[in-house]
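K.L.:
Fold the following and give me the result.
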Amino acid sequence: MCNTFYYLKGGSERCFLDLSALLVANGHEVIPFCMDNERNFDSPYADYFVSYIDFPSQLNGRAGLKGKLRVGERVIYSREARRNIEKLIADTQPDIAHIHGIAHEISPSILPAIKKAGIPIVQTLHDFKLLCPNTNFLSQEHVCEQCKGHRYYNVVKNRCKRGSLSASILAGVEMYTHKISQIYERNTDVFIAPSKFLQRKVKEFGIKNEVINIPNFINPNSFTPCFEPENYFFFFGRLTKIKGVTTLLEAMRQIKTSHLYVAGSGELHDPLLAYANEHTIKNITFLGFQTTEKLIPRIQKAAFSIISSECYENYPMSVLESLACGTPVIGASIGGIPELVKDGETGLLFEAGNADDLAQKIQYLLDNRQLAIEMGRNGRKLVEANNNPETHYQATMDIYQRLSKNRLPYLK
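P.N.:
Residues are numbered from 1 along each chain as shown. You can find the predicted model right below:
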């Protein structure tokens with residue numbers, strides 16, 4: 001099981017770690033291959049991990065040309081990663097390789113080595129890296145598909161990668177190199193797309209590999225629905241423009257009958273506070289970063305939660321968490337969000353970036369509290385039926401068994 005980070009860094013790591021735990025619970029041995037990091041969980045296989053690299057420090061001016069060359073070598077083709085995976089394979093003889101996020105710190109150099117050993121490769125796509133040099137279809141904080149048709153020079157032209165010319169050049173070179181060599185496509189047997197949106201995008205961008213839709217999973221038993229909400233609604237996530245928090249605050253100027261709690265940190269924290277003060281928005285509280293233990297009770301008691309993203313979301317765990325809590329969601333109609341937020345059933349959809357539309361949907365649920373509760377019940381049922389661990393395990397094992405020459409058994 002390959003992923004750059006072996007600690008809970010973000011949503012993709014949660015999927016990687018949860019799947020690993022699910023497989024272990026069903027009797028399988030899971031061997032991690034990751035990057036060394038002081039925050040990693042303990043592993044008997046840590047000696048095989050690739051060395052730690054901090055890209056921002058290597059790309060800044062103080063690191064000089066040597067640092068930039070080190071990053072370039074690591075991103076495009078890491079010989080260290082290939083050597084380490086070859087040794088791991090020789091020592092452990094795995095039946096199948098499941099790839100998650102390996103771009104940059106590990107690189108796809110491990111894929112030919114795995115393939116050469118005769119091991120089938122499954123890769124779960126947690127983002128849009130296979131299609132976009134900037135990973136997320138964003139340029140200057142706006143949705144962008146200019147690189148479609150292998151026009152990856154646009155990442156340099158628009159300085160999509162953190163606004164940096166050097167980082168954008170590297171992203172463009174990386175993308176051209178990997179597309180010319182077809183290193184992902186030639187070596188991966190099956191891609192897994194958590195959302196149908198991503199599945200369609202992969203095909204739309206001309207990739208011929210088999211792409212199977214398997215939604216992310218969550219354990220509903222870990223969440224206790226309330227169905228007796230208090231008079232507030234909730235946003236939790238990064239405080240950045242692409243998460244739509246500016247649009248949410250604009251919408252709040254029209255809401256007077258309830259309270260918004262905002263959990264999360266990010267570059268817009270102080271500007272959002274200033275905006276709320278400037279426009280005398282008093283029915284909003286910024287909670288800052290919240291641990292899961294503090295976050296879940298807030299979600300459970302909320303009338304509804306807000307997912308206001310203005311970027312292509314894949315299959316957001318934040319929506320799954322809300323629905324598992326029995327809390328309906330008002331979500332932006334973009335990316336994979338509508339696959340979970342069924343308009344009028346598990347929540348309401350609004351036009352991404354449209355503050356007036358968002359305000360109308362907020363007020364509608366505030367005026368129809370019983371309907372919101374029923375939407376929450378529907379959301380809980382959807383997660384129980386479609387996103388439970390058992391369904392995810394069966395779908396994953398179907399792929400493993402089909403690809404593996406050893407016909408992996410369903411172990412219990």
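K.L.:
residues in contact with the nearest residue to T177 once chain neighbours are set aside?
P.N.:
In this structure, T177 finds its nearest non-sequential neighbour in I76, 5.3 Å apart by C-beta to C-beta, 6 or more residues apart in numbering. Using the backbone N, CA and C atoms, a C-beta is placed for each residue, glycine as well. By C-beta atoms under 8 Å, 6 or more residues apart in numbering, the contact set of I76 is 107, 173-174, 177-178.
K.L.:
quick one: which of these is nearest D270?
P.N.:
E174 (33.9 Å; C-beta to C-beta).
K.L.:
how about the strands of the protein, start to end?
P.N.:
Assigned by DSSP state E, the chain shows strands spanning 97-99, 121-124, 138-139, 142-143, 190-193, 210-213, 232-236, 259-263, 284-288, 305-307, 329-332, 347-350.
K.L.:
Which elements pack onto the first one?
P.N.:
Strand 97-99 is packed against strand 121-124, with contacts defined by 3 or more C-beta pairs under 8 Å, 6 or more residues apart in numbering; DSSP states H and E.
K.L.:
strand partners of the strand it packs on, parallel vs antiparallel please.
P.N.:
strand 97-99 (parallel), strand 190-193 (parallel) (DSSP bridges).
K.L.:
avg pLDDT for the longest one?
P.N.:
Taken as a whole, strand 190-193 carries a mean pLDDT of 98.
K.L.:
Dump it to PDB, restricted to CA.
P.N.:
Only the C-alpha atoms of strand 190-193 are listed here, as PDB (Å, rounded to 0.1, in the frame of the first residue of the first chain):
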ATOM      1  CA  VAL A 190      -6.900  -0.400 -12.900                       C
ATOM      2  CA  PHE A 191      -7.600   3.100 -11.700                       C
ATOM      3  CA  ILE A 192     -10.200   3.600  -9.000                       C
ATOM      4  CA  ALA A 193     -12.100   6.900  -9.000                       C
END
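K.L.:
Would you pull up how far that strand lies from the middle of the chain?
P.N.:
Between the centre of strand 190-193 and the centre of its chain there are 15 Å (C-alpha atoms, centre = their mean, to the nearest Å).
K.L.:
cool, and the shortest one?
P.N.:
On the basis of C-alpha atoms, centre = their mean, strand 97-99 sits 17 Å off its chain's mean C-alpha point.
K.L.:
picking up where we left off before, out of the strands paired with strand 121-124, which gets nearest to C325?
P.N.:
It's strand 190-193; of those, that one is closest to C325 (C-beta to C-beta) at 25.5 Å.
K.L.:
residues in contact with that closest one?
P.N.:
Residues external to strand 190-193 that are found in contact with it (C-beta under 8 Å, 6+ apart): 121-125, 130, 199, 202, 207, 209-214, 396, 399, 403.
K.L.:
Buried subset of the residues you listed as a PyMOL selection?
P.N.:
PyMOL command restricting the contacts of strand 190-193 to the buried ones, with burial defined by 16 or more other C-beta atoms under 10 Å:
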select buried, resi 121+122+123+124+125+130+199+202+207+209+211+213+214+396+399+403
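K.L.:
neighbours around R369, how many?
P.N.:
Using other C-beta atoms under 10 Å, R369 has 12 other residues around it.
K.L.:
residue contacts, it?
P.N.:
R369 makes contacts with 229, 303, as judged by C-beta under 8 Å, 6+ apart.
K.L.:
for the record, mean pLDDT for stretch 223-243?
P.N.:
What stretch 223-243 shows for mean pLDDT is 95.
K.L.:
I'd like the distance from that stretch to the chain centre, please.
P.N.:
18 Å.
K.L.:
now do stretch 10-21
P.N.:
Its chain's average C-alpha position is 10 Å from that of stretch 10-21, according to C-alpha atoms, centre = their mean.
K.L.:
Same question for stretch 216-227.
P.N.:
19 Å.
K.L.:
ok, now stretch 206-216?
P.N.:
Worked out by C-alpha atoms, centre = their mean, stretch 206-216 lies 16 Å from the chain centre.
K.L.:
From Q290, how far out is S309?
P.N.:
Distance from S309 to Q290, counting by C-beta to C-beta, to the nearest Å: 19 Å.
K.L.:
That concludes my questions; thank you for your assistance.
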